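Trainee: Quick one, structure for this:
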Amino acid sequence: MGPVSDFAWKNRGLPAAFLLVVLFLSGCAPKAGPFNSASYGSGDCQHLWQDLEEVIHANQVADSRALRVEGFPYLRSTRYLQALARRAASPAAQGYVLEEMRRLDLAQRALELSRIPAGIFAALDRPALSEEIAACSQGFLAADNMRPHFFDQVQDGMDLDRDYSLWLRSVGLYPLTSLVVDFFAQGAMAEMVAELRSPVDQAATKNLLTFRPPGSDSATLPNLDELLGRSRRNPLLTLEITQEDLTALAHRFAPLLTIADGAEHDRFGRIVRHQGQFAVDGSDPVVYYYFSQTFIQGIPALQINYVLWFAERAKPAPWFEQGVLDGLVVRVTLNWQGQPTFVDVALQCGCYHFVLFNGDLVSGLLAEAGGFKPFVAGTMPEPQAGERLQFAIKSGWHQIGQVSTALPARNQPTYQLLPYEGLEYFVDGDEVVSLFDDQGRVSGTNRLERFFLFPMGIPKVGAMRQRGRQPITLIGRAYFDDPDLFDNAFGYRFPRPAIADLIPGEIDGQNQENGEKSMTSADKAKTGNAR
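Mentor: Now for the predicted structure:
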């Protein structure tokens with residue numbers, strides 16, 4: 001503890017001073033992994049960072065959505081940033097990725113520190129601490145940028161395959177048990193898709209209630225092509241969209257939601273906390289949303305994720321899947337022109353994932369594609385003027401029973417749209433907590449299926465999970481947030497656009513160089529076969 005005392009004394013009550021109090025109150029947890037660089041020496045910033053990690057982990061407030069990069073704990077990564085790193089061929093592109101990773105760590109670190117019990121932070125000068133953390137982070141990156149092979153070492157430290165356990169698969173004799181599980185899983189998915197494709201039973205619609213998003217009768221966002229084009233201003237063509245435009249996009253594509261009117265467990269709503277436990281207030285219909293990015297034909301593309309929470313999963317779901325809290329995510333993926341290209345759906349455990357594609361833009365699954373192939377439920381319906389996608393949700397099980405299009409009606413009840421971040425930064429009185437634990441799961445949502453599906457390698461399979469931590473297959477490995485999910489599995493009807501078509505105005509050489517290199521050989525092969 002000596003270095004912390006020294007740092008506190010040198011700064012006379014600045015940020016490090018609070019660490020002394022926190023560490024004594026919370027206990028000295030094992031230190032985080034060492035810095036992978038001699039350039040830090042024994043500086044105050046390194047000690048501050050290591051003490052911050054102790055405080056965060058001792059209080060179990062680490063946020064699991066993004067990965068701390070091994071050896072470089074001032075950087076964090078997501079699967080999208082990992083994919084960008086693979087495509088970054090120039091110093092400018094690599095610098096962009098590193099800076100995004102540094103900023104992500106600062107954002108996640110601030111989130112984690114906000115969750116530490118208020119009593120520990122009572123005397124903390126938070127602005128001073130934030131400035132100190134930001135300055136240290138910037139200094140770390142500047143120092144490491146001087147090292148040879150730094151970017152390669154960062155890539156080596158990104159192991160995001162955290163939600164499949166080789167140990168569980170070994171103990172569970174995965175090569176044998178997976179054959180049985182695959183047989184039943186394929187049957188369950190086929191049954192679900194058959195229902196999706198079956199005609200609507202008009203007699204069964206009498207007890208259904210349809211919710212519409214706020215302002216759905218007038219929400220428009222013209223010139224999506226132009227909006228996305230002017231948002232691509234960095235070497236790798238990733239999208240940087242203003243918060244105002246993101247909010248408008250979330251409202252523009254928000255779906256109609258139809259579900260049985262009656263049972264309490266079928267009322268989706270706001271996450272609330274009572275006596276330390278999370279629950280769902282079904283009297284306050286809320287849909288949470290967040291944005292992510294993926295690749296369509298090797299080009300960064302925007303995804304809008306709509307998340308529903310229910311109080312319980314109940315019958316007719318199998319007994320081993322039933323339990324408190326249930327969640328569903330519906331995702332709309334837009335191509336470079338802002339056209340809905342894919343819609344995919346999964347429960348919040350990552351279970352029952354399926355994809356619908358735009359038949360005018362996508363030719364279908366690639367016959368020669370290796371690796372994971374998502375379960376395809378066919379082509380998505382195309383909304384006409386004023387219409388929206390409509391999802392009919394099964395009672396109790398909360399799978400999707402029908403996907404269609406319809407016009408919103410003014411007499412339909414309205415749901416609220418709220419940012420997903422409110423689940424990770426949940427204010428409860430004078431506390432800031434997260435719905436998710438430090439493993440990215442919702443405590444108390446374990447299902448009995450974990451006792452006989454553990455050989456598939458997913459710890460606590462069936463539990464509700466945080467974004468970025470959702471495996472979507474029992475056989476093999478695949479994740480909901482894999483940015484290459486669609487490009488690896490689907491062919492497209494049109495060639496990949498030229499860089500000049502993606503960015504309005506003049507294009508600098510850097511964008512041209514990296515934009516072209518971001519298309520992999522697989523992308524080129526698919527483009528060459530486009531119809």
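Trainee: how about low-confidence regions in the stretch 101-250 of the chain?
Mentor: The model of the stretch 101-250 of the chain has pLDDT under 70 over residues 119-124, 199-206, 216-222.
Trainee: Could you do the chain as well?
Mentor: Using pLDDT under 70, the chain drops low at 1-42, 119-124, 199-206, 216-222, 369, 504-531.
Trainee: so after the longest strand seen in it, what's the next helix or strand?
Mentor: When the chain is parsed with DSSP state E, its longest strand is strand 299-313. Remark: after strand 299-313, the chain's next helix or strand is strand 323-334, criterion DSSP states H and E.
Trainee: name the helices or strands packed onto the longest strand of the chain?
Mentor: Applying 3 or more Cβ pairs under 8 Å, 6 or more residues apart in numbering; DSSP states H and E, one finds that strand 299-313 contacts helix 243-253, strand 277-281, strand 286-296, strand 323-334. All C-beta spots, glycine's among them, are computed from the backbone N, C-alpha and C.
Trainee: Paired strands for the shortest one, with orientation please.
Mentor: Each strand that pairs with strand 277-281, with its direction, by DSSP bridges: strand 270-274 (antiparallel).
Trainee: Check which helix or strand Gln186 maps to.
Mentor: Short version, using DSSP H and E: Gln186 is in helix 174-197.
Trainee: Equivalent analysis for Gln390, please.
Mentor: Going by DSSP H and E, Gln390 is in strand 388-393.
Trainee: Could you list the residues in contact with the helix or strand just after that strand?
Mentor: Following strand 388-393 in sequence order, the next helix or strand is strand 400-406 (DSSP H and E). By Cβ atoms under 8 Å, 6 or more residues apart in numbering, the surrounding residues in contact with strand 400-406 are 195-196, 200, 210, 256, 258, 328, 330, 343, 345, 354, 356, 377, 380-384, 387-394.
Trainee: again, only this time at 6 Å
Mentor: Glu195, Val200, Leu256, Val345, Pro381, Pro383, Glu387, Leu389, Gln390, Phe391, Ala392, Lys394 (Cβ atoms under 6 Å, 6 or more residues apart in numbering).
Trainee: Return the closest of these with respect to Arg115.
Mentor: Proximity to Arg115 was ranked across the contacts of strand 400-406 by Cβ to Cβ; first place goes to Val345, at 30.5 Å.
Trainee: which stretches of the stretch 401-531 of the chain form strands?
Mentor: In the stretch 401-531 of the chain, the strands defined using DSSP state E, counting those that start in this stretch lie at 416-419, 426-428, 431-433, 490-492.
Trainee: tell me what the longest one is packed against?
Mentor: The one in question is strand 416-419. Contacts defined by 3 or more Cβ pairs under 6 Å, 6 or more residues apart in numbering; DSSP states H and E place strand 416-419 against strand 286-296.
Trainee: Would you mind listing the buried residues in the strand it packs on?
Mentor: Within strand 286-296, the residues that count as buried by 16 or more other Cβ atoms under 10 Å are Val286, Val287, Tyr288, Tyr289, Tyr290, Ser292, Gln293, Thr294, Phe295, Ile296.
Trainee: Among those residues, find me the one that's closest to Arg496.
Mentor: For the buried residues of strand 286-296, the nearest to Arg496 is Ile296 (9.1 Å; Cβ to Cβ).
Trainee: For the residue lying closest to the closest one once chain neighbours are set aside, list the residues it contacts.
Mentor: Distances taken as Cβ to Cβ, 6 or more residues apart in numbering put Asn335 closest to Ile296, at 4.9 Å, once the chain neighbours are dropped. Listed by Cβ under 6 Å, 6+ apart, the contact set of Asn335 reads Ile296, Ala301, Thr341.
Trainee: Repeat the analysis, applying 8 Å as the threshold.
Mentor: Asn335 sits next to Ile296, Gln297, Ile299, Ala301, Thr341, Leu361 when contact means Cβ under 8 Å, 6+ apart.
Trainee: can you redo those as TSV with distance to Asp44?
Mentor: Below are the contacts of Asn335 laid out as TSV (distance: Cβ to Cβ, whole Å):
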residue	distance to Asp44
Ile296	46
Gln297	48
Ile299	43
Ala301	43
Thr341	50
Leu361	54
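Trainee: Quick check: of those residues, which lies closest to Ser64?
Mentor: Of the contacts of Asn335, the one sitting nearest to Ser64 (Cβ to Cβ) turns out to be Ala301, at 25.1 Å.
Trainee: Quick check: bridge partners of the closest one?
Mentor: Beta-bridge pairing of Ala301 under DSSP bridges involves Thr294.
Trainee: ok, it - contacts?
Mentor: By Cβ under 8 Å, 6+ apart, the residues touching Ala301 are Gln293, Thr294, Phe295, Thr333, Leu334, Asn335, Trp336, Thr341.
Trainee: My guess is the fifth one contacts Pro340. True?
Mentor: This means Leu334. Yes - when contacts are counted by Cβ atoms under 8 Å, Leu334 is listed as touching Pro340 (6.1 Å).
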